[in-house]
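[1] Sequence and computational prediction follow.
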Amino acid sequence: MAALRTVRTMCPMNCHPTLCGMLVDVEDGQLKGVRGDPDNPDSRGFLCIRGQAAREIIGNPQRILHPLRRAARSGSWQRTTWEDALDTIASRARAVGAAAVGTWSGHGLFANDYGTRISSELLRRFANLYGCQWWSPTMICWGLGAFGLGLTGVLRVNTKEDMGAHAALIVLWGANLASQPLTGRHLAAARRRGAHVITIDVRQTEASAQSDETVLIRPGTDAALALGMMHVLVQEQLCDDAFIARHTVGFEALAAHLASYDVPWAAATTGVAADRIVSLARRYASTKPAMILLGGSSMHKGAEGWQGARAVSCLPALTGNLGIAGGGMGPRHAGMTHGQGLTSIAARDRRQKGDYVPNQMPRITESAQSGRVRVLLLFGTDMLSSFADAARVDAGLGRLDLLASYDLFMHETAERHADLVLPATSWLEDTGCKSTNTHLYLMPKVLEPAGEARSPSWVLRELARRLEVTDFFPWTEETGALDAILDHPATGHATARALAAEGGMRALRISHVAYPDFRFDTPSGKVELVSERARSLGLPALPVYEAAPASPYPLTLRFGRTLTHFHAFYDHGRRLPTLAAADPEPRLWISPADAASRGLSDGDAIRMFNDRGEMAARATVTDRVPPGTVWMRDGWAGLNTLTSGAAVVPDAAVDLFETFSSGQAEFDARIEVASA
C-alpha cells in the first residue's frame, strides 16, 4: 500500500481576487481529503464551503467519464469513442467552413489556470490559426465594468494587503465579500486600525456585516450617486487641485457638466437621502487615504453598467487618491496590480482575415439564429445560464448543425442542445498554475484522469491535427504552453519546473500600489475625466446617467453571488451534494412591503414573470432589500429568460481594450411577482 501523501495545490473555484490554497491528501491514487493550506500567503489556511465541496467532484457518480453522442437531441445518450467524437467535429467543421465554427469558453475551462489563462490562450490560439470564431468570456463577467474604468484610465488595483495596512476609508461599492472572502481578513485589519468602512449596494450584503454603514441605492443608479458626490466635491471645493492640474485632463468640462447633477437630483434618482450623499462625499474627500472596491459582474449588469464604473472611477482622481498607499481602486474580480502581466501565446498577429462575429453577446446569439455559425464548441460553460435573453439563445442553439460540450457534468445547455458531450479533466488531473494579484501558484497533476477524461490541451491538439492547423502546439514538453506564458518579468520568468522546486509558490514582482509612476492607462497618460476615445465611438465623453425607460413591470430584479455558488461551475453546484443541500432551490428576496401588497408570505411558492418569460421560485421576505428591488442568487435555470439581451455599447467599442471584451448584453430585468 502506498503511503499517504499531501500535495499543495489551489482550490478549483475562480473567485478572483480570492484564490485559496489547498492541501490534498492522496493514497493509492485516491483522493482522501482536502483542506486549506496554512502556508499559502493569500489564503493562510482559509477554505470556504465551495472549496470544501470540491472534494465531491472526484468519484462523483454524476461525472461525465466517457464521450457521449446522440442521433437526435431529444434522444438518449450513447457511449462513443474519442476518435468518433473528434472525427465528427472535424468532419462537420470542414463541411461548414471555419468561419461557421464558433468556440466559447467559461469558468469551467479555467479551474486550474485562472489568472494565467493557459487553456483560454490555447483555445484562442487554435481559433486564430484555424480561422474560426472565438469570443472573449470576459463579456459575461467583468468586462463591461472594466470598459468604464479603462476610459478613465484606472484599470489597475491596489492590493488587499495594501488596503489592510494603509486605507483610512474603504468604500465597498457593489463589492460583496461572498465573492471574495479573503478580502475580509484585510478589511478587519483595517477596521482594527480605525478605518471606516462603507458598503454601497442594492441590498444588505454579507459585506454589510463588516461595515460601519450601508447605503442602499436603487439598482442601476451608481453613476447618479457618483455624479452627485462629484457635484459636492466641486461645489464645496473639496478637490485636490494640485493632483487635478498635474495628472488629469478635462476637469473644467467636468465641473461645468456637474452643475446639472446636483444633490436633490441625485437623491431623487438613487433613493439615497440628500444629507447622506453630502456626508458621503465629504467623508470621502476628507479621509485619506480612501480606497474604493468596485463590484464584479453583478454591479455592471444593466444598460448603465459601464457608466457606473466610469463615474465612480473619477472620484479618486478628484481627491488625489491615486498612486498612493491605501488609496485608489482596491482589489476586484480580474483586476490586475501595477506591473502584473504575462506573455500571450494566442498568436493574435496570425489571425487570418475572415468573417468574424463581434465579441458582442447579442451578435453571438444572432449568429446562431441566422445560421452564420453552424458548429459550436463549448468548453466549461453552460451557455443558457450565462447569456441574457435565454429564450432567444435557446432558439439559436436549436438551429445549429452540431453542438459539442466539453465539461465535467451535464448542464442545461448540454442536456437540451448538445450532440456530443466530451469528458473534461478535473483540477487534480492536469498540471496548471493560478495567479492572484500578488503570487503565482503551481497546481501539479495529482491524479490520473478518471475514465476517459482528457485535458483541454489534448482535445485542442487532436482537433488541430484533424483540421490541419499547423504550429498549434510547438512545444516539446507538456508544460511548454505554461512556461511560455510565464516567461514574463512579473513572474521572474518562472517555469513549471522552477515553481515545483520552490514549493509551488512565488511572489510576483509587482507594486502593491497602483500607478506609483502616475502614468495612467489612457492615450494621454493622464486620468481622462473627458474621454475622446468614448466620443470617437459615439459614446458620452463625460460620465453621465441615463434613466432606464419606463416599464409596466414594477420590480427591478438584480442577482449576484453567494458563498454556496460561483458561476456555472459543476452545474451551478447542483452536482456537488454539499452545495446542493446548502442552496436547494431558487429564492427571491422581496421586501415586506412588496410581499404584503401581493399577498405573499415568507416561503411561498411564487411566479416571476415579464414579457420575455417566467420562472418559478420561492419568496424570501426580508428587509435586507428595499421596496421596488428584488434579488436572487445567479445561475438558476430560467433566470436569464427574464433578462434583456440588448447591446450596451456599439460593436466598434467592444474590443477597445485588447485584453478583454465589453460586449455584454444589458441583463436588465423588470418583473412582476405573483403567487404560484
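    Cool, the structure landed.

[2] mind checking pLDDT for the residue most central in space within the chain?
    With distances taken as CA atoms, centre = their mean, C141 lies nearest the centre of the chain, 3.5 Å away. On pLDDT, C141 comes in at 83.

[3] same thing with M1?
    In this prediction, M1 carries a pLDDT score of 62.

[4] quick one on the thing from earlier: what residues are up against the residue nearest to the centre of the chain?
    The contact partners of C141, taken as CB atoms under 8 Å, 6 or more residues apart in numbering, are 296-297, 333-334. Heads up, the C-betas are built off the backbone N, CA and C, glycines and all.

[5] can you rerun that using 10 Å?
    Contact analysis of C141 by CB atoms under 10 Å, 6 or more residues apart in numbering lists 14, 106-107, 296-298, 300-301, 333-334, 386, 567, 660, 664.

[6] quick one, helices of the stretch 451-600 of the chain?
    Secondary structure of the stretch 451-600 of the chain by DSSP state H, counting those that start in this stretch: the helices cover 456-466, 480-486, 496-501, 532-536, 577-582, 592-597.

[7] Worst mean pLDDT among those?
    Per-segment confidence across those bottoms out at helix 577-582, which has a mean of 93 in mean pLDDT.

[8] Show me which parts of it are buried, residue by residue.
    By neighbour count with 16 or more other CB atoms under 10 Å, helix 577-582 contains the buried residues 578-580, 582.

[9] quick one on the thing from earlier: tabulate the contacts of C141 (a markdown table), appending pLDDT and distance to Q210.
    Listed next are the contacts of C141 as a markdown table, based on pLDDT from 0 to 100; distance: CB to CB, whole Å:
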| residue | pLDDT | distance to Q210 |
| --- | --- | --- |
| N14 | 87 | 23 |
| G106 | 92 | 30 |
| H107 | 87 | 26 |
| G296 | 77 | 17 |
| S297 | 75 | 21 |
| S298 | 79 | 18 |
| H300 | 82 | 23 |
| K301 | 84 | 24 |
| H333 | 87 | 18 |
| A334 | 87 | 23 |
| S386 | 91 | 30 |
| H567 | 70 | 24 |
| F660 | 89 | 29 |
| Q664 | 92 | 29 |
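
[10] What about these, which one has the most neighbours?
    Among these, Q664 has the most neighbours (other CB atoms under 10 Å), with 31 neighbours.

[11] right, and that one touches G143 too?
    Yes - counting by CB atoms under 10 Å, Q664 does reach G143; the two are 6.2 Å apart.

[12] Name the residues contacting each of the two.
    Between them, Q664 and G143 share the neighbouring residues 297, 300, 305-306, 359, 654, with contact defined by CB under 10 Å, 6+ apart.

[13] Using TSV, lay out these together with distance to S367 and secondary structure.
    Rendered in TSV, the data for these read as follows (distance: CB to CB, whole Å; DSSP: H, G, I helix; E, B strand; the rest coil):
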residue	distance to S367	secondary structure
S297	23	coil
H300	24	helix
G305	23	helix
W306	23	helix
N359	12	coil
V654	14	coil
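
[14] What is the nearest of those to T365?
    Comparing the shared contacts of Q664 and G143 against T365 with CB to CB places N359 closest, at 13.0 Å.

[15] quick one: that closest one from T659, how far?
    Using CB to CB, to the nearest Å, N359 is found at 12 Å from T659.

[16] Is the closest residue to W134 other than its chain neighbours in a helix, a strand, or coil?
    Distances taken as CB to CB, 6 or more residues apart in numbering put A127 closest to W134, at 3.4 Å, once the chain neighbours are dropped. Using DSSP: H, G, I helix; E, B strand; the rest coil, the structure places A127 in helix.

[17] A127: how many residues sit nearby?
    Residues near A127, counting by other CB under 10 Å: 24.

[18] begin at 196 from here
    Shifting the count to begin at 196 puts that one at A322.

[19] surely T815 meets V868?
    No - at 11.7 Å, T815 does not count as touching V868 under the criterion of CB under 10 Å.

[20] Give me the common contacts of those two.
    Shared contacts of T815 and V868 (CB under 10 Å, 6+ apart): 783, 785, 790, 799, 825.

[21] Top of those residues by number of neighbours, please.
    Using other CB under 10 Å as the neighbour test, these are led by V825, with 30 neighbours.

[22] which SS state does that residue fall under?
    strand.

[23] which ones are touching it?
    V825 touches 397-398, 414, 749-754, 783-786, 789-790, 801, 803, 812, 814-815, 864, 866-868, counting by CB under 10 Å, 6+ apart.

[24] do the same with V568
    V568 is in contact with 291, 294-299, 327-328, 552, 559, 561-562, 591, 594-596, counting by CB under 10 Å, 6+ apart.

[25] and the contacts of C336 as a markdown table, adding distance to R478 and secondary structure?
    Below are the contacts of C336 laid out as a markdown table (distance: CB to CB, whole Å; three-state DSSP):
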| residue | distance to R478 | secondary structure |
| --- | --- | --- |
| N209 | 34 | coil |
| G301 | 40 | coil |
| H302 | 36 | helix |
| G491 | 24 | coil |
| S492 | 28 | coil |
| S493 | 25 | helix |
| H495 | 25 | helix |
| K496 | 28 | coil |
| H528 | 26 | coil |
| A529 | 29 | coil |
| S581 | 38 | helix |
| H762 | 35 | coil |
| F855 | 32 | coil |
| Q859 | 32 | coil |
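
[26] Among those, which one lies nearest to C434?
    Closest to C434 out of these is H495 (26.5 Å), distances taken as CB to CB.

[27] and the gap between that closest one and T347?
    For H495, the distance to T347 - CB to CB - is 14 Å.
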